[in-house]
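S.K.: model this:
(one chain, ligands or ions: 1)
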Amino acid sequence: MDALELLQTRSSMPRLIEPAPTPEQLEIIKKAAVRVPDHVNLSPYAFYQFMGSDRQILADIYQQAARLNDFSEERVEQAGQIPFRAPLIITACLRYQKHDKVPRDEQFATTACALMAMQQAAFAQGLGAIWRTGWPAQSDYVREQFKCSADDEIVGFLYIGTPAVPTPIKPEKDYLPYFLTASQVGE
Ligand SMILES: Cc1cc2nc3c(=O)[nH]c(=O)nc-3n(C[C@H](O)[C@H](O)[C@H](O)COP(=O)(O)O)c2cc1C
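M.R.: Prediction:
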């Protein structure tokens, strides 16, 4: 896919089925992640990949987190199904590094850009992907399993797979209201 077409049509796809990305496709996705703007090249992130039977590891974590949250048995059951909504899930974590010039927000931005770049790389290759967070991203237990210290963050879970139907492309959004003129500064 042409880069400009990607940038103007990128859309998320929640309905994802097998097959998972091929090793070659996945390598491109990973290369895209570490290509993003990164102030002084801190690499303030860690990514965890769950594919195939590895998704059960994530399912077990979610179920335990749901129990610790005192969710109903039904919700605990549902929590175990979440990772099976896509053939591949990549968890993107902010790994904050104390630095004079690079505040935490900038490091969070880099990690978020990495997640977005992975979504774009998936979409550009005809795969489907969607960025999700939800309660698991805030759960202390889930955070612990991903070795998140107080300053770290689960920035998101990227669900990747084959689109169940061709990814619906959202209509174009009007950018005009969000682009102001220089004369509007300080108004
Ligand atoms: C930080 C962040 C967290 C999100 N969390 C969820 C989520 O938990 N569940 C969900 O369905 N969509 C979530 N979304 C929205 C989807 O990723 C997606 O952007 C949305 O469905 C709109 O589709 P689009 O990307 O094609 O515009 C989240 C988006 C962002 C940026």
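S.K.: residues touching Arg55, list them.
M.R.: Applying C-beta atoms under 8 Å, 6 or more residues apart in numbering to Arg55 gives the contacts Pro83, Phe84, Ile89. The way it works is simple: take the backbone N, C-alpha and C, and place the C-beta from them, glycine included.
S.K.: would you list every one of the strands in the protein?
M.R.: 16-17, 45-51, 88-94, 128-132, 153-163 (DSSP state E).
S.K.: With distance to Glu24, mean pLDDT and mean neighbour count added, can I get those in a markdown table?
M.R.: Shown next, in a markdown table, are the strands of the chain (distance: least, C-beta to C-beta, whole Å; pLDDT from 0 to 100; neighbours: other C-beta atoms under 10 Å):
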| stretch | distance to Glu24 | mean pLDDT | mean neighbour count |
| --- | --- | --- | --- |
| strand 16-17 | 19 | 98 | 18 |
| strand 45-51 | 14 | 98 | 18 |
| strand 88-94 | 14 | 98 | 23 |
| strand 128-132 | 16 | 98 | 21 |
| strand 153-163 | 14 | 98 | 23 |
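S.K.: Looking at the ones you listed, spot the one closest to the ligand.
M.R.: Among these, strand 128-132 comes nearest to the ligand, with 3.7 Å by C-beta to the nearest ligand atom.
S.K.: Enumerate every residue touching the nearest residue to Thr162 once chain neighbours are set aside.
M.R.: Closest residue in space to Thr162, ignoring its immediate chain neighbours: Ile17 at 5.3 Å, by C-beta to C-beta, 6 or more residues apart in numbering. Contacts here follow C-beta under 8 Å, 6+ apart; on that basis Ile17 touches Pro87, Gly161, Thr162, Pro163, Ala164.
S.K.: CA atoms of the top helix by length along the chain as PDB?
M.R.: Longest helix of the chain, by residue count under DSSP state H: helix 104-124. Extracted C-alpha coordinates of helix 104-124, given in PDB (Å, rounded to 0.1, in the frame of the first residue of the first chain):
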ATOM      1  CA  ARG A 104       7.600  10.900  31.300                       C
ATOM      2  CA  ASP A 105       4.900  12.300  29.000                       C
ATOM      3  CA  GLU A 106       7.400  12.300  26.100                       C
ATOM      4  CA  GLN A 107       8.300   8.700  26.800                       C
ATOM      5  CA  PHE A 108       4.600   7.800  26.900                       C
ATOM      6  CA  ALA A 109       4.200   9.500  23.600                       C
ATOM      7  CA  THR A 110       7.000   7.500  22.100                       C
ATOM      8  CA  THR A 111       5.400   4.200  23.300                       C
ATOM      9  CA  ALA A 112       2.000   5.300  21.900                       C
ATOM     10  CA  CYS A 113       3.500   6.200  18.600                       C
ATOM     11  CA  ALA A 114       5.100   2.700  18.500                       C
ATOM     12  CA  LEU A 115       1.700   1.100  19.100                       C
ATOM     13  CA  MET A 116       0.200   3.300  16.300                       C
ATOM     14  CA  ALA A 117       3.100   2.400  14.000                       C
ATOM     15  CA  MET A 118       2.400  -1.300  14.500                       C
ATOM     16  CA  GLN A 119      -1.200  -0.800  13.700                       C
ATOM     17  CA  GLN A 120      -0.300   1.100  10.500                       C
ATOM     18  CA  ALA A 121       2.200  -1.600   9.500                       C
ATOM     19  CA  ALA A 122      -0.500  -4.300  10.000                       C
ATOM     20  CA  PHE A 123      -3.100  -2.300   8.000                       C
ATOM     21  CA  ALA A 124      -0.600  -1.500   5.200                       C
END
